[in-house]
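Engineer: with the sequence up front, the predicted model follows.
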Amino acid sequence: MEALVATIQSSTAITVGMIFALAALGTALGFGLLGGKFLEGAARQPEMAGMLQTRMFIIAGLLDAVSIIGVAMGMLLMFANPLLDAALAAVGAK
């Protein structure tokens, strides 16, 4: 049973690391594209820069929310692992 717990915990640690890395990578790519498109739009039509900036900040907030949800899911798996509880209940250890 200790081997089962160790396997689940090690797999969970690898998964949480991948979740954090992909959340950071996706957010970085999103902000890079968002900033580039904002600069292109502001350079083409400088009179609309204020409106574009407002929309850029709204989308930036939504982009951050997606990565924060990913981090929250990773923390859930790290500290309150439902997979470990289900596996222990299946083998009758709890």
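Structural biologist: Nice, I can see it.

Engineer: from the chain's centre, how far out does the helix with the most length in the chain sit?
Structural biologist: Criterion DSSP state H: the longest helix present in the chain is helix 2-44. Distance of helix 2-44 from its chain centroid, counting by CA atoms, centre = their mean, to the nearest Å, is 5 Å.

Engineer: which secondary structure elements does that helix contact?
Structural biologist: helix 49-79, helix 82-91 (3 or more CB pairs under 8 Å, 6 or more residues apart in numbering; DSSP states H and E). C-betas here are computed from N, CA, C, even on glycine.

Engineer: pipe those into TSV and attach mean pLDDT per row.
Structural biologist: What follows is the helices and strands packed on helix 2-44, written out as TSV (pLDDT from 0 to 100):
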stretch	mean pLDDT
helix 49-79	94
helix 82-91	86
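
Engineer: of all those helices, which lies closest to Thr7?
Structural biologist: Closest to Thr7 of the helices and strands packed on helix 2-44 is helix 82-91 (CB to CB; 9.1 Å).

Engineer: identify the residues contacting the closest one?
Structural biologist: Residues from elsewhere that reach helix 82-91 (CB atoms under 8 Å, 6 or more residues apart in numbering): 1, 4-5, 8-9, 12, 76-77, 94.
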